[in-house]
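# my questions are about this predicted structure, shown below with the sequence.
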Amino acid sequence: MNRIISFLITLFAMFVFTSCVQDGISVSGLKKSELKKGYGYIVTRIKSNYKKEWQYVYYNRVDKSAFQKFIESDSARFIYKGDSSLQIASAPAGEYYWSGYYLFSKGTSMDKSKRFVVYPNKINYVGDINIEVLPRRYIFRMDIVNNSFKAKEELAQKAPKLFRNYTFVTTIKE
């Protein structure tokens with residue numbers, strides 16, 4: 001009985017982890033290479049000096065109230081798992097801000113100044129996220145760096161079909 005349960009858990013884990021990678025790029029929230037109407041792709045890369053635990057970076061739409069975000073669960077996230085490969089997600093067109101960072105059970109809210117725009121039917125590069133962690137003090141610092149040239153080259157190599165079908169734009173708001 002234990003072997004069957006172990007086998008089923010292993011099979012499920014393999015399915016989950018293999019469905020999260022497309023062309024060597026970490027993909028969250030994508031099932032196909034087609035976008036819903038009014039959606040765009042978000043492309044980022046997360047780098048961190050702390051490699052031991054998964055880290056979560058959240059973003060929210062600017063034009064939604066806190067109550068609407070809670071009801072509609074309009075908050076989305078990228079997960080840093082120790083590598084710095086490009087990550088892609090799809091999101092409705094609009095203006096967003098980086099809203100929070102979480103490590104362990106600790107986290108921090110961000111001010112709404114770090115923003116980006118998602119344009120429909122485009123690949124929207126929103127910057128590389130550099131995170132500095134001092135885990136014993138639970139201090140986090142997040143910077144957004146524009147490495148669009150490198151991201152564009154890597155995306156063209158690792159996801160050529162996606163790159164050919166959509167226009168690549170840099171949408172970091174300064």
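Sure thing, it's come through.
# got any ranges where this structure has weak pLDDT?
1-33, 64-75, 104-105, 135, 137-138, 174 (pLDDT under 70).
# tell me which residue is most central in it.
Phe78 (3.1 Å; Cα atoms, centre = their mean).
# so what's Thr170 closest to, chain neighbours aside?
Ser148 (4.3 Å; Cβ to Cβ, 6 or more residues apart in numbering). (Each C-beta comes from the backbone N, C-alpha and C, glycine too.)
# who does the spatially closest residue to Lys36 that is not a sequence neighbour bridge with?
Excluding the flanking residues, the one nearest Lys36 by Cβ to Cβ, 6+ apart is Ser90, at 7.1 Å. Note on Ser90: beta-bridge partners Tyr41, judged by DSSP bridges.
# ditto for the one 10 residues further on
In this structure, Gly100 has beta-bridge partners Tyr58, Ser109, where bridges are defined by DSSP bridges.
# got the contact list for it?
56-58, 107-110 (Cβ atoms under 8 Å, 6 or more residues apart in numbering).
# so how far is Lys81 from Tyr56?
10 Å (Cβ to Cβ, to the nearest Å).
# done for today, thanks.
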